[in-house]
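> Have a look; sequence and predicted model below, questions after that.
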Amino acid sequence: MNRYVLNETSYFGAGCRTELATEVKSKGYKKALLVSDRVLASCGVLDKVKEVLNKAEIPYDEFLEIKQNPTIKNCQDGLEAFKKSGADFIIAVGGGSVMDTSKAIGIVYNNPSFADIKSLEGVANTTKKSVPIIALPTTCGTAAEVTINYVITVEEENRKIVCVDPKDIPVVAIVDAELMQSMPAKTIASTGMDALTHAIEGYITKGAHVISDMFEVQAIELIAKHLRGAVKNKNIVDMEGMSIGQYVAGMGFSNVGLGIVHSMAHPLGGVYDIPHGVANALLLPIVMEYNMPVCIDKYGTIAKAMGVDISNMSKEEAARAAIDAVRQLAIDVNIPQKLRELNIPKEGLPRLAKDALADVCTGGNPREVTYEDILKLYEVAY
């Protein structure tokens with residue numbers, strides 16, 4: 001049996017944020033907690049959303065205290081802000097950090113026995129749906145607006161917990177590429193490569209299914225076509241292509257799982273605060289090489305989706321062409337290629353390998369792994 005959980009309603013297209021007012025009014029919501037971060041507030045992106053709310057006379061309070069890798073304290077502070085506001089729904093404006101925090105706030109408010117946040121790790125036995133969330137992504141990578149996952153950092157343990165809960169998915173996703181145009185080029189690059197990682201891992205994971213395969217191949221094609229242009233000049237055509245590509249990737253992986261690229265990226269963020277997309281992009285071609293023996297047929301499809309002509313290639317040649325194409329895309333958008341470039345100490349690799357092996361995403365990897373395998377992959381990446 002295969003189960004697919006998606007948003008009730010999604011909007012796409014430049015300027016579609018205006019539909020926020022329509023959705024709020026039609027659903028009868030009274031007051032919002034507007035969850036975002038101070039960077040988006042300072043660069044004017046949040047103002048574009050507030051303009052819609054103000055014009056429609058929709059009341060809201062704001063919560064902006066969210067870190068790049070959101071912490072338990074961020075979530076608990078946000079929960080208190082929600083309670084204090086008297087809001088009955090959340091508007092999440094931001095990247096994965098903002099949307100993940102919003103999911104934790106919404107779940108815990110309606111399931112208060114999980115107030116410690118840590119107990120949400122894995123698949124928690126929550127009983128009630130989240131507070132309604134309307135999500136407006138401002139990055140082109142995480143797809144948190146369409147997923148049932150969220151990731152929170154446990155600061156005192158220097159590790160990330162992955163929470164999986166169908167009850168946390170936003171009721172509405174508003175994917176407006178204009179909200180993504182203020183991103184620095186390096187953020188477009190890292191979040192875009194995060195989206196590519198979602199698509200490739202979702203395509204080869206143990207749980208992959210014919211429906212998710214359809215989503216993931218289309219996502220790979222869109223990202224390969226549009227990421228370079230989006231990074232180079234932020235033109236609206238490429239930004240829209242990326243906004244849709246990352247969402248479609250999320251439609252797939254959220255329902256079938258990921259693999260050890262994410263398992264290995266999570267501790268890099270939890271221990272060393274490395275941006276998630278950068279960690280994924282650096283590790284992706286290395287892990288693809290490890291998984292190639294059990295994914296060789298699908299790698300040929302990945303190569304084609306990346307724009308490679310494989311008509312005169314053997315299966316192995318096509319598979320290696322897929323890996324090369326992924327690595328070249330990362331290089332073209334200026335992703336670091338070695339962990340030492342990120343100032344990761346080599347003596348820290350064993351701790352990273354231990355945490356990665358225990359990560360919830362490890363079980364979805366198409367090839368079985370041991371601690372020694374993962375440590376070796378980190379050493380290759382170093």
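It's in. Residues are numbered from 1 along each chain as shown.

> Direction included, what does the helix or strand hosting residue 34 pair up with?
Secondary structure assigned from DSSP states H and E places residue 34 in strand 32-35. Looking at strand 32-35 with DSSP bridges, its paired strands and their directions are strand 60-63 (parallel), strand 89-94 (parallel).

> Please identify the deepest-packed of those strands.
Per-stretch averages of neighbours, counted by mean count of other C-beta atoms under 10 Å, single out strand 89-94 among these, with a mean of 28. Placement of C-beta: from N, CA and C, glycine included.

> which is the next helix or strand following it?
Tracing the chain C-terminally past strand 89-94 and defining elements by DSSP H and E, one meets helix 96-110 next.

> Could I get the CA-only coordinates of that following helix as CSV?
Listed next in CSV are the C-alpha coordinates belonging to helix 96-110 (Å, rounded to 0.1, in the frame of the first residue of the first chain):
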residue,chain,number,x,y,z
GLY,A,96,12.6,25.5,5.7
SER,A,97,13.6,26.9,9.0
VAL,A,98,10.5,29.1,9.3
MET,A,99,8.2,26.4,8.0
ASP,A,100,9.7,23.7,10.2
THR,A,101,9.3,26.0,13.3
SER,A,102,5.7,26.7,12.3
LYS,A,103,5.0,23.0,12.1
ALA,A,104,6.4,22.4,15.5
ILE,A,105,4.4,25.3,17.0
GLY,A,106,1.2,24.1,15.3
ILE,A,107,1.6,20.4,16.4
VAL,A,108,2.5,21.2,20.0
TYR,A,109,-0.3,23.7,20.5
ASN,A,110,-2.9,21.0,19.7
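
> so what secondary structure elements neighbour it?
With contacts taken as 3 or more C-beta pairs under 8 Å, 6 or more residues apart in numbering; DSSP states H and E, helix 96-110 sits against strand 32-35, helix 72-85, strand 89-94, strand 133-137, strand 149-154, strand 159-164.

> Now find how far off-centre the shortest one is within its chain.
To tie it back to what came earlier, the one meant is strand 32-35. Strand 32-35 has its C-alpha centroid displaced from the chain centroid by 21 Å (C-alpha atoms, centre = their mean, to the nearest Å).

> Mind listing residues that contact it?
Strand 32-35 is contacted from outside by 24, 46, 49-50, 53, 58-64, 66, 78, 81-82, 85, 87, 89-94, 98, 101-102, 105, using C-beta atoms under 8 Å, 6 or more residues apart in numbering.

> repeat for stretch 173-180
For stretch 173-180, the surrounding residues in contact (C-beta under 8 Å, 6+ apart) are 7, 9-17, 19-20, 23, 45, 48-49, 93, 134-140, 145-146, 188, 236, 239-240, 242-244, 247.

> ok, back up a step: between the strands paired with strand 32-35, which gets nearest to residue 29?
strand 89-94 (4.5 Å; C-beta to C-beta).

> now the angle between helix 96-110 and that closest one, please.
Interaxial angle of strand 89-94 relative to helix 96-110 (axes from the mean of the first three to the mean of the last three C-alpha atoms, to 10 degrees): 160 degrees.

> Report the angle between strand 89-94 and helix 72-85.
On the basis of the same axes, to 10 degrees, strand 89-94 is oriented at 140 degrees to helix 72-85.

> Alpha carbons of strand 89-94, in CSV - could you do that?
As requested, C-alpha coordinates have been extracted for strand 89-94 and formatted as CSV (Å, rounded to 0.1, in the frame of the first residue of the first chain):
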residue,chain,number,x,y,z
PHE,A,89,-3.9,30.0,12.4
ILE,A,90,-0.3,30.5,11.3
ILE,A,91,1.1,32.1,8.2
ALA,A,92,4.7,30.9,7.6
VAL,A,93,6.7,33.1,5.3
GLY,A,94,10.3,31.9,4.8
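
> Tell me which stretches of the chain form helices.
19-27, 38-42, 45-55, 72-85, 96-110, 185-204, 210-233, 236-256, 260-272, 276-305, 315-332, 349-358, 371-381 (DSSP state H).

> just so I know, which of the ones you listed lies nearest residue 157?
helix 260-272 (8.0 Å).

> counting contacts, what elements does that closest one pack onto?
Based on contacts counted as 3+ C-beta pairs under 8 Å, 6+ apart, the elements that helix 260-272 packs against are strand 149-154, strand 159-164, helix 185-204, helix 276-305, helix 349-358, helix 371-381.

> Include mean neighbour count when you put the ones you listed into a markdown table, please.
As requested, the helices and strands packed on helix 260-272 are arranged in a markdown table below (neighbours: other C-beta atoms under 10 Å):
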| stretch | mean neighbour count |
| --- | --- |
| strand 149-154 | 24 |
| strand 159-164 | 21 |
| helix 185-204 | 27 |
| helix 276-305 | 22 |
| helix 349-358 | 19 |
| helix 371-381 | 17 |
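
> Residue 219: which of the ones you listed is closest?
Checking the helices and strands packed on helix 260-272 against residue 219 by C-beta to C-beta gives helix 185-204 as the closest, at 3.9 Å.

> Give me the angle between that closest one and strand 133-137.
Here helix 185-204 runs at an angle of 120 degrees relative to strand 133-137 (the same axes, to 10 degrees).

> and helix 185-204, what other elements does it pack with?
Identification of packing neighbours for helix 185-204 by 3+ C-beta pairs under 8 Å, 6+ apart yields helix 210-233, helix 236-256, helix 260-272, helix 276-305, helix 315-332.

> follow-up on the earlier one: kindly reformat the strands paired with strand 32-35 as a markdown table and extend each row with distance to residue 319 and mean pLDDT.
Rendered in a markdown table, the data for those read as follows (distance: least, C-beta to C-beta, whole Å; pLDDT from 0 to 100):
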| stretch | distance to residue 319 | mean pLDDT |
| --- | --- | --- |
| strand 60-63 | 46 | 98 |
| strand 89-94 | 37 | 98 |
